[in-house]
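Undergrad: let's see this in three dimensions:
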Amino acid sequence: MRSDGGGGFASSMIRWTSHKLSSLITSSILPSSSRDSESDVVKTRDAAIEDLKKLERTMKQIQAIATDAEQRGVKDQAEKLRIKELKEVAYDVDDVVDEYEFEVLSAKIRAGIHLGGDDYKRKREDEVNQVTPSQLIVPVPTELAIRIKDIRERFDEIINEWEVLRWSENDNRGRYDVDMVAMTESTSLVHEPSIHGRDKDKENIIKILISDDSTYDGAGSLSVLPLVGMGGIGKTALAQLVYNDPRVCEYFQLRAWVCVSEDFSVKILTRNIIDSFTNKPCNFVQLNELQRSLVNEVMGKRFLIVLDDVWNDKPNLWHSLKAPLTGTSFGKIIVTTRNENVARIMKTMPSYVLNYLSFEHCWSLFTQLAFECQDPNSNPGLVEIGREIVRKCGGLPLAVKALGSLLRFELDVENWQEILDSWELEMRNSDVLPALKVSYDRLPAYLKQCFHVLGLFPKDYFILKENLVRLWLSLGLVQPEGRKSPEDIGEGYANELLQRSMLQLKDGLEGCFIMHDLVNDLAQSVSRDDVSRIEHDMLHKLPAEVRYISVVHDNNIINLQYLNNVRAPRLLQVVNTRNYRDERPIANVKLREQVFEALRPHANIEELEMYNYVGSSYPRWFVDATFSKLVKFTLSGSYMSSKSLPTLGQLPSLRDLLIYSMSSIKNVGREFCSHDSKSVGFKSLKTLGFEYMPNWVNWSGVKNGEFRSLLTLRFVSCHNLRFLPKPLCSLLSTLEVHDCGILTMPRILPFLNCLIMSGDISGVFFDELYLPLLKTLKVRCLSSILLVLNSQNLPSVEVIEISSCQILVNTVGLSTLNSLKELQLCNCPYLQVASNELPPHGVQRLSIVGCPQLHDWEHLQIRRN
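TA: Here you go, the predicted model:
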């Protein structure tokens, strides 16, 4: 089973590359050289723009095809092949754009290399004001221009071939889909000997169904019980057992079994319920007639309906279906679903969640199928291998049945061992992964991309939600949603995968997920075109076309020279399987240092994340400027004993840097930017974050001209940090400070546009700053009873949010903020504002939530909104 072409990382990469192309077309500019004639300038500019626009058009066309494929799903193998070819074209475009972007960056650095002191401030102001009448786009190198032409020709060839074959392909597509639906439709018939380990579950459900206790009934006379669990766990089999139990047959006067699947048509389902109740076809066509007929059938009778395999999460469709049933006396409905969101919409009582079968129950089922009438103990060799096969099934009855049936009448030990050794291939060829893939097929496109990432993690790995969200963010998979932060959106994605049974919470570990082994196999299967998870001793077999690589090791020294055979890896993740469940550092620190010294990535790596690094020194390749394409770096070192940060300032393309949980760091000095006093550090860095560094006290050694591109700076829980370097702050656009109680801010931040503060800050803090260009101010969890805001200090502020300030009583100066357009006050229970402090009339949006003392303001809120 292959991935659905167009899904996964490719789609997010295409969006990101298209965005970079647009940016390069409009902003990759330099002052023209005086040596160039005007005609040469125009010719070079026009040729570069045309090359880039051709690539942009190509990427937009591929994006449209990829989006369509994600939304409807692709089953036709020929179409999958062509979409895969288009993805490869998109990857080649991404490579070309990256190389050209590096050319642009290099040219900009060369042009600005002599800027120093106050000159770089004036340069920044010029860029902001875009006052450059004579500009020249950086020429596209000849070699790249040739590659652009080849890419366009390949794209046109693929599209032309596709158009020629489209009609013949469409002739066969419909018949295939009908056959698949017929193969997966369930019935009420049950083969009880093949169901093991569900006796207790069956008794629990029957007790709920035939009980006259109405305390569970939240919808009058109709009760709905969802059976929830991942695909293949036995929901349908359990429902069949309950449906056919003699006590249930006797208790309910009417019973109906309806396989719902993907198409939740109210008209069709109503007719199917009537047909099942009466055992004869219903001839009504209109929904009104069907619903009246259903009312007549169930009126005054006890009835049971099983709705099997429900995927609908639209409440209005469910309300329409149940409308004829709500006026009866004893209606019970069992719903089987993989999605907790579906259960939440339909249920009137708590969901019944099915757990995995115990090993002994799985072994009993396996021996029944694989050995049939034979005594398993007569062949100890088969028993040993068989028990290992059952363990790999992870308590999933569908997998046990598939493998047990496959090995029936097979008594050759070597064949059994071959099945065990080729596990993933056997799963793909069986009904197991296709059955689980139904869950994947029904994921929204944005969740499919996120699910592909799970293929990077080894089996039984504990996945921290926070790290998973960070990984999604770094890959550009989190899509904007209004005012929600990217982190909150990513957390919502994780929760949605959890509700859809694609992830599970690890008992006792909040914010920690695990995957069922077969779901892990599924993730690898659908993402194999882009992702490779490989054991460290198999690196020599790494496919050249993969872009995202996870290397699994157990503290052995890893030789990553084989990564040079990979065309252009975008992400390298290294996972230690020996210690992933142990939060303690390994004893042999020297061995760990040797491991990471050998983990030198490919020179084309763009993003690098390193978590929980252990050692007294950093790998030498950390500070190697030959990583010219590295744009994003995340470093976490909870057990790092080094007292200094690595020299990252010389990485020429680094744009995004996050450092956190470095508890050994007390001082950050000149070594962070450069060991050379003449070199300028962090020329390209735009976003910098420090989080959870409790012992950090001092930051120095930043000289004028460094961090010249820095726009966003973020500090979280740096409790002892006192001051910020002045050159660092003068050009900032966004600043976030959370729980940094003694941090003193520079009094003047001339270019700051957005300021977000929370935690232990003084109420007069903002009265001491001058922020002439600040547009947005967000204050959270203020530990003061007074907040002072001054129009002289905040002359341009347009948006103010004050939230979760539990002891805040009063604000001063709101009425003076004449530029204010939006004011949000949330969860400030004691906040009271004098009548003369009403916000200025220019406020266009006023939102007040959880502030009970502001009664007068609530009336004002109604008038202004």
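Undergrad: okay, CA-based contacts and neighbour counts for the rest of this
TA: OK.
Undergrad: any stretches of the stretch 601-750 of the chain with poor pLDDT?
TA: Along the stretch 601-750 of the chain, segments meeting pLDDT under 70 span 612-615, 625, 638-641.
Undergrad: residue boundaries of the helices in it?
TA: Listed in chain order, the helices of the stretch 601-750 of the chain (DSSP state H, counting those that start in this stretch) span 726-729.
Undergrad: and the strands in it, which stretches?
TA: For the stretch 601-750 of the chain, applying DSSP state E, counting those that start in this stretch gives strands covering 607-610, 614-615, 632-636, 639-640, 656-660, 667-668, 687-691, 698-699, 712-716, 734-738.
Undergrad: quick one: mean pLDDT for stretch 491-511?
TA: Averaging pLDDT along stretch 491-511 yields 82.
Undergrad: check the gap between L464 and K506 for me.
TA: Applying Cα to Cα, to the nearest Å, the value for L464 to K506 is 10 Å.
Undergrad: what do those two both touch?
TA: Residues touching both L464 and K506 (Cα atoms under 8 Å, 6 or more residues apart in numbering) are C512, F513.
Undergrad: check contacts around G404.
TA: With Cα under 8 Å, 6+ apart as the criterion, the residues that contact G404 are L365, F366, T367, Q368, L369, A370.
Undergrad: tally up the residues packed near the first one, please.
TA: When counting by other Cα atoms under 10 Å, one arrives at 22 neighbours for L365.
Undergrad: name the element it belongs to?
TA: Assigned by DSSP states H and E, L365 belongs to helix 359-370.
Undergrad: packing partners of that helix?
TA: Applying 3 or more Cα pairs under 8 Å, 6 or more residues apart in numbering; DSSP states H and E, one finds that helix 359-370 makes contact with helix 380-392, helix 397-406.
Undergrad: closest one to H602 among those?
TA: Nearest to H602, of all the helices and strands packed on helix 359-370, is helix 380-392, at 34.5 Å by Cα to Cα.
Undergrad: got the CA coordinates for the closest one in PDB?
TA: The C-alpha trace of helix 380-392 is given here as PDB (Å, rounded to 0.1, in the frame of the first residue of the first chain):
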ATOM      1  CA  PRO A 380       7.000 -26.300  19.900                       C
ATOM      2  CA  GLY A 381       8.900 -24.500  17.100                       C
ATOM      3  CA  LEU A 382       5.700 -23.100  15.600                       C
ATOM      4  CA  VAL A 383       4.300 -22.200  19.100                       C
ATOM      5  CA  GLU A 384       7.400 -20.100  19.800                       C
ATOM      6  CA  ILE A 385       7.200 -18.200  16.500                       C
ATOM      7  CA  GLY A 386       3.400 -18.000  16.700                       C
ATOM      8  CA  ARG A 387       3.400 -16.400  20.200                       C
ATOM      9  CA  GLU A 388       5.900 -13.700  18.800                       C
ATOM     10  CA  ILE A 389       3.500 -13.100  15.900                       C
ATOM     11  CA  VAL A 390       0.600 -12.600  18.300                       C
ATOM     12  CA  ARG A 391       2.700 -10.200  20.400                       C
ATOM     13  CA  LYS A 392       3.300  -8.100  17.300                       C
END
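Undergrad: may I see the buried residues of it?
TA: Neighbour counts over helix 380-392 (16 or more other Cα atoms under 10 Å) mark G381, L382, V383, I385, G386, R387, I389, V390, R391, K392 as buried.
Undergrad: what's the burial count for the residue nearest to P315 when sequence neighbours are not counted?
TA: Among residues not flanking P315 along the chain, I345 sits closest, at 6.1 Å (Cα to Cα, 6 or more residues apart in numbering). Per other Cα under 10 Å, the neighbour tally for I345 reads 15.
Undergrad: ok, now how distant is I345 from K322?
TA: Going from I345 to K322 by Cα to Cα gives 12 Å.
Undergrad: go on, V140?
TA: V140 sits 63 Å away from K322, taking Cα to Cα as the criterion.
Undergrad: kindly report the same for C740.
TA: Look at C740 and K322: by Cα to Cα, they are 55 Å apart.
Undergrad: so for these two, which sits in the more crowded spot?
TA: C740 (22 against 16).
Undergrad: including pLDDT and distance to D488, could the buried residues of helix 380-392 go into JSON lines?
TA: Output for those, formatted as JSON lines (pLDDT from 0 to 100; distance: Cα to Cα, whole Å):
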{"residue": "G381", "pLDDT": "84", "distance to D488": "52"}
{"residue": "L382", "pLDDT": "88", "distance to D488": "50"}
{"residue": "V383", "pLDDT": "88", "distance to D488": "49"}
{"residue": "I385", "pLDDT": "89", "distance to D488": "46"}
{"residue": "G386", "pLDDT": "89", "distance to D488": "45"}
{"residue": "R387", "pLDDT": "90", "distance to D488": "43"}
{"residue": "I389", "pLDDT": "88", "distance to D488": "40"}
{"residue": "V390", "pLDDT": "89", "distance to D488": "39"}
{"residue": "R391", "pLDDT": "88", "distance to D488": "37"}
{"residue": "K392", "pLDDT": "85", "distance to D488": "35"}
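Undergrad: wait, which of those is closest to G231?
TA: Nearest to G231 among these is K392, at 16.2 Å by Cα to Cα.
Undergrad: and the closest one, what does it touch?
TA: Neighbour list for K392: D517 [criterion: Cα under 8 Å, 6+ apart].
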